[in-house]
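Asks: got a predicted structure here, sequence first:
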Amino acid sequence: MSTSEPSASAAVVLSRRDLDAALFDLDGVVTRTAQVHAEAWTRLFDAYLESHARRSGGPFRPFSAEDYQRYVDGRPRLDGIRCFLESRGLTLPEGSPEEGPEAETVQGLGKRKNGYFLEALARRGVEVFAGAVGLLERLRAAGFRTAVVSASRNCEAVVRAAELEHLFDARVDGVEAGRLGLPGKPAPDTFLEAARRLRVPPERAVVLEDARAGVQAGRRGHFGFVIGVRRAGPEGSLVRAGANVEVAHLTTVKVEKEIPA
Ligand SMILES: O=P(O)(O)OC[C@H]1O[C@@H](O)[C@H](O)[C@@H](O)[C@@H]1O
């Protein structure tokens, strides 16, 4: 890479001299599904907060874009619920995984949100960011190994629907993390597991993330470089979260093949 100082505007060059692998977040980096998640979360929390306000006699303060970016984006589903409720001074019983979407528990709310997400996904389909697909192709042509690292339990289905399986050598998603007992982002463990599967040390891998929690995970894992892909939110927010650089489009990221000795 050509920049080591945190920056919001410098040109980014990923070179095989410095790096062997690229670890891509999915929702909001490769596919346009961060918005689908955000809408499902808004539908869930607004209904919940409104009924809570009615019951308690308190004011109704809707779930905002900032709430999504700060407390929910990038985190595993149930962590997002706990984290956002805590930010409003609210708690719910955990419940059990067998409960249905009607249960007023963390597990119940998680099921409800997933229903809303799948409903919206079926209606809208999975759109990809052409710039991300182009970058993945250029990286692989230059000899980089690539992985998709997502908190989502729907990652495999989204990657398959978008016909992107051939672009990744490894996948570490919400289902895998659950199976292996790995903590989700902002902990670095899912990215570290992906680097391990690619047989690449973290300092030889670049992380590409649109979520603050994901950028923090990249930073905490001591990866070689962290690119913040800012699709939403205030300028500089991903650099402030720990990204080395922030870009608006992945088309601007250049790839350099190693010069043979
Ligand atoms: O509910 P899922 O599909 O397991 O996804 C969990 C999280 O996955 C992340 O990739 C998204 O940024 C979050 O918005 C989402 O909540």
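Replies: Perfect, thanks for sending it. Numbering: from 1, shown residues only.
Asks: strands along this protein, start to end?
Replies: For the chain, the strands defined by DSSP state E occupy 13-15, 21-24, 145-149, 170-172, 205-209, 225-229, 245-247, 254-256.
Asks: quick one: closest of those strands to Gly74.
Replies: For Gly74, the closest of the strands of the chain is strand 205-209, at 7.1 Å, according to C-beta to C-beta. For the C-beta atoms, the positions are set from N, CA and C on the backbone; glycine is no exception.
Asks: residue contacts, the spatially closest residue to Leu44 that is not a sequence neighbour?
Replies: Computed as C-beta to C-beta, 6 or more residues apart in numbering, the closest residue to Leu44 that is not its neighbour in sequence is Lys113, at 4.6 Å. Lys113 sits next to 40-41, 44, 77, 81 when contact means C-beta atoms under 8 Å, 6 or more residues apart in numbering.
Asks: what parts of this protein come near the ligand?
Replies: Contact residues (C-beta under 6 Å from any ligand atom) of the chain with the ligand: 27, 34, 37, 72-74, 76-77, 80, 114, 117, 150-154, 174, 211.
Asks: contacts for the helix ranked longest in the chain, please.
Replies: Longest helix in the chain by number of residues, with DSSP state H as the criterion: helix 34-56. If you take C-beta under 8 Å, 6+ apart as the criterion, helix 34-56 is touched by 27-28, 58-63, 65, 67-68, 72-73, 80, 84, 88, 90, 109, 112-114, 116-117, 120-121, 124, 152, 210-211, 231-232.
Asks: report the two of the contacts of Lys113 separated the most.
Replies: Ala40 and Ile81 (12.1 Å).
Asks: between the two, which is the more surrounded one?
Replies: Under the criterion of other C-beta atoms under 10 Å, the comparison of Ala40 against Ile81 puts Ile81 first, with 26 against 20.
Asks: before we move on, the earlier item: between the strands of the chain, which one is closest to Ala132.
Replies: So among the strands of the chain, strand 21-24 is nearest, using C-beta to C-beta, at 7.1 Å.
Asks: and the closest residue to Arg70 other than its chain neighbours, what does it touch?
Replies: Distances taken as C-beta to C-beta, 6+ apart put Arg212 closest to Arg70, at 6.8 Å, once the chain neighbours are dropped. Taking C-beta under 8 Å, 6+ apart as the contact definition, Arg212 lies against 69-70, 73-74, 186, 237-238, 241.
Asks: by neighbours, which of the residues you listed wins?
Replies: Neighbour tally across these (other C-beta under 10 Å): the maximum, 29 neighbours, falls on Leu238.
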